[in-house]
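Q: generate coordinates for the sequence data below:
(chains A and B)
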Amino acid sequence: MNVHAIRAIYHFEMSRTARTLLQSILAPVLSTTLYFVVFGAAIGSRIDEIGGVSYGAFIVPGLVMLSLLTQSVTNAAFGIYFPKFTGTIFEHLSAPVSFLEMVIAFVGAAATKSIILGAIILLTATLFVPLRVEHPVWMLTFLVLTALTFSLFGFIIGIWADGFEKLQIVPLLIITPLTFLGGSFYSIEMLPPFWQKVTLLNPVVYLISGFRWSFYGIADVSVAISLGMTAFFMLACLIAIWWIFRTGWRLKS
Amino acid sequence: MAPVLSVENVSKTYESGFEALKGISLEIERGEIFALLGPNGAGKTTLIGIICGIVNMSSGSVTVDGHDVIADYRAARSMIGLVPQELATDAFESVWATVSFSRGLFGKPRNPAHIEKVLRDLSLWEKKDAKIITLSGGMKRRLLIAKALAHEPEILFLDEPTAGVDVELRRDMWRLVRQLRETGVTVILTTHYIEEAEEMADRVGVINRGEIILVEEKSELMRKLGRKELMLYLNEPVAEIPAALSGYDLALTEDKCRLVYTYDTARDRTGITQLLQDLSQAGIRFRDLETRESSLEEIFVSLVEDKQ
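A: Numbers count the residues shown, from 1 in each chain, chains lettered A, B, ... in the order given. Sure thing, here's the model as predicted:
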C-alpha cells in the first residue's frame, strides 16, 4: 500500500478545501439556514407535526442529506476533474498508485469535507429547532456511508465529465431533484398512493428515511432496506471505478 | 550489462484508427543520455506515455529494470520521473507544496533536505513559497523538472524539455542533465532541436511515422552518415566548373568565387588529393580552403526525407 501517496493526495485535496473555505463551507451552511428560515419557521408553523415530530425538526435530516449528497458529488467530481482539466493528471497516472489508493485518497477527502459540513449543518439546526438523536451510532453510520457512496459517485462523474457544464449537470439536474422528491421536506405517506410507489424508485428516499429514523425512530421504509440500498449503490460505484482504472476510460488515451 | 529500459515490439493504434507506433523495439543502457529525435507527430510522446503508464499500448511489452510496466507497475513507475511537454501545473499551490506532493505520490517519505537541494539546483529556492500561478513559463518548466526529480528517480524522461525556453535556461538544463548523468541517472529526452541531441546525447534514436529508423551512438552516427564539405576560395572567379572536373561532386557558389566539394568521411578515399591535382591541371588556383562537417540536423533531415 502506497501510504505516502494516499497522504499526499488527501492532504492536497484538504488544502484546496481550506483555501476555498468560504465557498466550501460557508455557502452550503448559509443556504441550509435559509431553508430553516423559510420552511421551518415561516411555512412550518402552519404545518402539523409529522409522526409526533415538529415540522421544523422533521426536515433537519432531509436538509443534512440534501447538502451531504450534493456536496459529496460536487467535491469528489471536482477533485478528479480539475487535474484532468489542468493536465496534471499525468502525474497521478504515472505514479506507483493503485486504483484503490487513488479512490481512498480522493473519495476520502471529499467525504471528509462533506461529513464536516453535515456536522456543521446539524449544529446550525440546533439553533432553530430542538434536536434529538435516538440512534447516534446509526446516525453516524448513515452519515459516513452516504458521504462515501456519493463521493464515489461524484468521482465517476468527475472522470466522465469533459467540461464544466457536465460537471454541474448531475448535481443540479439529478441529485437536487431526487433529494427534494425523496422526502427531504415531507413524509412520503403524505403523497397519493400512486406517487408513493413511484417515489420508491428514487434511491435517495432510502437514505433520507434511514437517516431520519436514526434521529426520531420514524421511517418511510425499513432501515434494513435503507442500509442495503446504500451498500448496493456503494458497491456498484466501486466496481465502476475499478473498471475505469483497469481500462483507462476517460483517463488514458 | 542488462538494459535499464527495454521496449519490445510496442504498437499503438488509437480508436480513430491512427497507428501512432508500429512495432517499436528499443533498449536504453543504464546511465546514458539517449535522445529520441523525430518530427512532430512521429510518436515520441506516445512512446513515453506508454512507458510511463499514461497511454495504454495496443500490443508489445515494456520492462523497466526487469519490471513489467503493467504487471509490476509499482516497481517500474517508482524508478521513473517524467517531465511532460505541456506546462501542466497547479495554479494556487506553492512551489514547495507541489514538489513535496510529487515525492509523496511516488511513495517516498518526506525529505525536506532533498526537496531543498532539488529546488536550489533548479534556481527555484527563492520561489519556494510563491504560488505556481505567479511563475514565468521558464520557471514552470524548471518546476516540472523539480517535481520529476522529487522522488529521486533512476530514469528521467524529458519530453521536449527546451521547447519555448530561452537560451540561458536551455544551457542550464543541459548542465543539469549532465550533472544527473554523473549521479547515475539515465536520461531519455525527446526533441526536435537537433542541437540539443548533438550537445548532450550519448546515443541517438530517430523515430518517424511510428517507426524507429535507426539507433546509433551519436559519434558513430555522425561518422557514418556525416558528410564533409571542402570549401576552396579561388584566386579568380570561374564562369563554370570545367568539364574535366565533372566526375566530382562539386558546386560553384553564386559569387563564382568558391568551389564546394562534398565527400563521404566513411569512405577509404575521399578523393581530395586527386581533386587538388586535377584543379591544378585545369589551371584553377585557390588562396584558402576550409572543411566543414555536416551537422546532426542535416543527417536527420536526410534520414527522414529518405523514408518519405
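
Q: what number of residues lie near residue 63?
A: Just so you know, I chose chain A. For A:Leu63, the number of neighbouring residues by other Cβ atoms under 10 Å in any protein chain shown comes to 25. In this view, the C-beta of every residue, glycine as well, is placed from N, C-alpha and C.

Q: look at chain B instead
A: 20.

Q: how far away is it from B:Tyr73?
A: To B:Tyr73, B:Thr63 is 11 Å away according to Cβ to Cβ, to the nearest Å.

Q: list the buried ones in stretch B:34-53?
A: Within stretch B:34-53, the residues that qualify as buried are B:34-38, B:42-53, counting by 16 or more other Cβ atoms under 10 Å in any protein chain shown.

Q: typo on my end, it should be stretch A:103-118
A: A:103-118.

Q: which of the buried residues of stretch B:34-53 are close to chain A?
A: B:49, B:52-53 (Cβ under 8 Å from any Cβ of the partner chain).

Q: helices and strands of chain A: which one bottoms out on pLDDT?
A: Every helix and strand in chain A was compared by mean pLDDT, DSSP states H and E; the lowest is helix A:21, with a mean of 77.

Q: that helix: how far from the chain's middle?
A: On the basis of Cα atoms, centre = their mean, to the nearest Å, helix A:21 sits 18 Å off its chain's mean C-alpha point.

Q: which strands and helices sit next to that helix?
A: Applying 3 or more Cβ pairs under 8 Å, 6 or more residues apart in numbering or on different chains; DSSP states H and E, we find helix A:21 packed against no helix or strand.

Q: the residue in the stretch 201-308 of chain B positioned nearest to chain A and A:Val129, how far apart?
A: Of all residues in the stretch 201-308 of chain B, B:Gly210 sits closest to chain A, at 14.8 Å by Cβ to the nearest Cβ. Distance of B:Gly210 to A:Val129, computed by Cβ to Cβ: 67 Å.

Q: neighbour-wise, which of these two wins?
A: More crowded of B:Gly210 and A:Val129, by other Cβ under 10 Å: B:Gly210, with 21 against 18.

Q: per-residue pLDDT, that one?
A: B:Gly210 is assigned 92 on the pLDDT scale.

Q: phi first, then psi, for it.
A: phi 80, psi 10 (degrees, to the nearest 10).

Q: so what's the nearest residue to A:Ile115 once chain neighbours are set aside up against?
A: Distances taken as Cβ to Cβ, 6 or more residues apart in numbering or on different chains place A:Ala147 nearest to A:Ile115, at 5.1 Å, with adjacent residues excluded. Shown in contact with A:Ala147 (Cβ atoms under 8 Å, 6 or more residues apart in numbering or on different chains): A:68, A:72, A:110-111, A:114-115, A:118.

Q: pLDDT and secondary structure for those residues - can I get that in TSV?
A: Shown next, in TSV, are the contacts of A:Ala147 (pLDDT from 0 to 100; DSSP: H, G, I helix; E, B strand; the rest coil):
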residue	pLDDT	secondary structure
A:Leu68	91	helix
A:Ser72	93	helix
A:Ala110	95	helix
A:Ala111	96	helix
A:Ser114	93	helix
A:Ile115	94	helix
A:Gly118	92	helix
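
Q: and of these, the nearest to chain B?
A: Among the contacts of A:Ala147, and counting by Cβ to the nearest Cβ, the member closest to chain B is A:Ala110, at 17.5 Å.

Q: settle this for me: the closest one is touching A:Gly79, isn't it.
A: Yes - between A:Ala110 and A:Gly79 there is a contact under Cβ atoms under 8 Å: 5.6 Å.

Q: what residues are shared contacts of those two?
A: In contact with both A:Ala110 and A:Gly79: A:13, A:154-155, using Cβ under 8 Å, 6+ apart.

Q: scan those and report the most crowded one.
A: Most crowded among the shared contacts of A:Ala110 and A:Gly79, counting by other Cβ under 10 Å, is A:Gly154 at 33 neighbours.

Q: so what's it up against?
A: A:72-77, A:79, A:110.

Q: tell me which helix or strand it sits in.
A: In this structure, A:Gly154 is located in helix A:136-160 according to DSSP states H and E.

Q: in that helix, what's buried?
A: A:138-139, A:141-143, A:145-160.

Q: ramachandran angles for the residue nearest the centre of chain B?
A: Taking Cα atoms, centre = their mean, the centroid of chain B lies closest to B:Ala35, which sits 3.2 Å from it. Note on B:Ala35: backbone dihedrals following degrees, to the nearest 10 are phi -110, psi 130.

Q: thought it was touching B:Met200?
A: Yes - if you go by Cβ under 8 Å, B:Ala35 and B:Met200 touch, sitting 6.9 Å apart.

Q: shared neighbours, those two?
A: B:Leu189.

Q: circling back: quick one: the residue nearest to the centre of chain B and chain A, what's the gap?
A: 21 Å (Cβ to the nearest Cβ, to the nearest Å).

Q: got the contact list for that residue?
A: B:189-191, B:196-197, B:200-201, B:203-205, B:218.

Q: switch the cut-off to 10 Å
A: Counting by Cβ atoms under 10 Å, 6 or more residues apart in numbering or on different chains, B:Ala35 touches B:158, B:187-191, B:193-194, B:196-206, B:218, B:296.

Q: and these, which are buried?
A: B:158, B:187-191, B:193-194, B:196-201, B:203-206, B:218, B:296.

Q: number of residues surrounding the residue nearest to B:Thr89 when sequence neighbours are not counted?
A: Leaving aside its sequence neighbours, B:Thr89 sits nearest to B:Ile132 (Cβ to Cβ, 6+ apart; 5.0 Å). Neighbours of B:Ile132 under the rule other Cβ under 10 Å: 19.

Q: the longest helix along chain B: how far from the chain's middle?
A: Criterion DSSP state H: the longest helix present in chain B is helix B:167-182. On the basis of Cα atoms, centre = their mean, helix B:167-182 sits 13 Å off its chain's mean C-alpha point.

Q: could you check the helix or strand just after it against chain A for contacts?
A: Using DSSP H and E, the helix or strand that follows helix B:167-182 towards the C-terminus is strand B:186-191. No - using Cβ under 10 Å from any Cβ of the partner chain, we find that strand B:186-191 stays clear of chain A, coming within 13.8 Å at best.

Q: need the next SSE after strand B:186-191, C-terminal direction.
A: helix B:194-200.

Q: which strands or helices does whatever helix or strand comes next after that following helix pack on?
A: For helix B:194-200, the following helix or strand on the C-terminal side (DSSP H and E) is strand B:203-208. In terms of contacts (3 or more Cβ pairs under 10 Å, 6 or more residues apart in numbering or on different chains; DSSP states H and E), strand B:203-208 is packed against strand B:19-28, strand B:33-37, helix B:44-52, strand B:186-191, helix B:194-200, strand B:211-217, helix B:218-225, helix B:296-307.

Q: may I have the strands that pair with strand B:203-208, each with its orientation?
A: Strand pairing for strand B:203-208, using DSSP bridges, gives strand B:33-37 (parallel), strand B:211-217 (antiparallel).

Q: next, the angle helix B:44-52 makes with the shortest one.
A: Orientation of strand B:33-37 against helix B:44-52 (axes from the mean of the first three to the mean of the last three Cα atoms, to 10 degrees) gives an angle of 130 degrees.
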